[in-house]
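>>> Sequence first, then the predicted structure:
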Amino acid sequence: MTLHQAEESKARGRAVRKAISGSEGSRSTGNAAGLDMVPGLEDFVIGFNFGEIWSRERIDLKTRCMIVLGMMTALGRTPQVGAYTRYALHLGITPEEIAEVFMQAIPYAGLPAAFNAMQAGSDVFKEQGVTVNMEA
């Protein structure tokens, strides 16, 4: 990748980050310590993760966010579940849809992973004054 291509990737990445979170940085995903420890890591994350992967057009940002939220749930990445719950709300994904992502994880990732995600999501909902209505 040329320097010009890397700069283009970072620019796309910053635009995607702003669209999903309202911010251009990567610090809201629970990764601040790692980003501070390794100079240049934030540029890499912005350029590769958001500039090359998230910016692909075949899947919209809402769908990508729900996919990542499910993966973070299954992998037990609780700090990132909180961050992606914030992103989901910012993108207009409803609290009920977010709760369904956590429910969908139960048969595949197990109750503990889903419950941890539900707690992280619930913390974000409380922080943002959001209520969930799961009555069918």
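Received it, and whenever you're ready, just let me know what you need.
>>> Nearest residue to the residue most central in space within the chain in space, ignoring adjacent ones along the chain?
What sits nearest the mean C-alpha location of the chain, by CA atoms, centre = their mean, is residue 84, with 3.0 Å. The shortest distance from residue 84 to any non-neighbouring residue, by CB to CB, 6 or more residues apart in numbering, is to residue 69 (4.5 Å). Heads up, the C-betas are built off the backbone N, CA and C, glycines and all.
>>> got the buried residues for the helix or strand hosting the one you found?
Using DSSP states H and E, residue 69 falls within helix 61-75. Judged by neighbour count (16 or more other CB atoms under 10 Å), helix 61-75 contains these buried residues: 61, 64-66, 68-74.
>>> Name the next helix or strand downstream of that helix, please.
Counting by DSSP H and E, the element after helix 61-75 in chain order, helix or strand, is helix 78-90.
>>> need the next SSE after the one helix or strand in the chain whose mean pLDDT sits lowest, C-terminal direction.
Across the helices and strands of the chain, mean confidence by mean pLDDT, DSSP states H and E is lowest for helix 32-37: a mean of 73. Toward the C-terminus, helix 32-37 is succeeded by helix 41-44 as the next helix or strand (DSSP H and E).
>>> That following helix - contacts with which helices or strands?
Other elements packing on helix 41-44 under the criterion 3 or more CB pairs under 8 Å, 6 or more residues apart in numbering; DSSP states H and E are helix 32-37.
>>> nearest to residue 105, of the buried residues of helix 61-75?
Closest to residue 105 out of those is residue 73 (4.4 Å), distances taken as CB to CB.
>>> So residue 52 is in contact with residue 11, correct?
No: the criterion here is CB atoms under 8 Å, and residue 52 misses it with residue 11 at 11.8 Å.
>>> hang on, the earlier thing: now do the residue nearest to residue 84 against residue 1, distance only.
Residue 69 sits 29 Å away from residue 1, going by CB to CB, to the nearest Å.
>>> if we can go back for a sec, wait, what's in contact with the residue nearest to residue 84?
Contacts of residue 69 were listed using CB atoms under 8 Å, 6 or more residues apart in numbering, and they are 81, 84-85, 88, 98, 101, 117.
>>> Lovely, talk soon.
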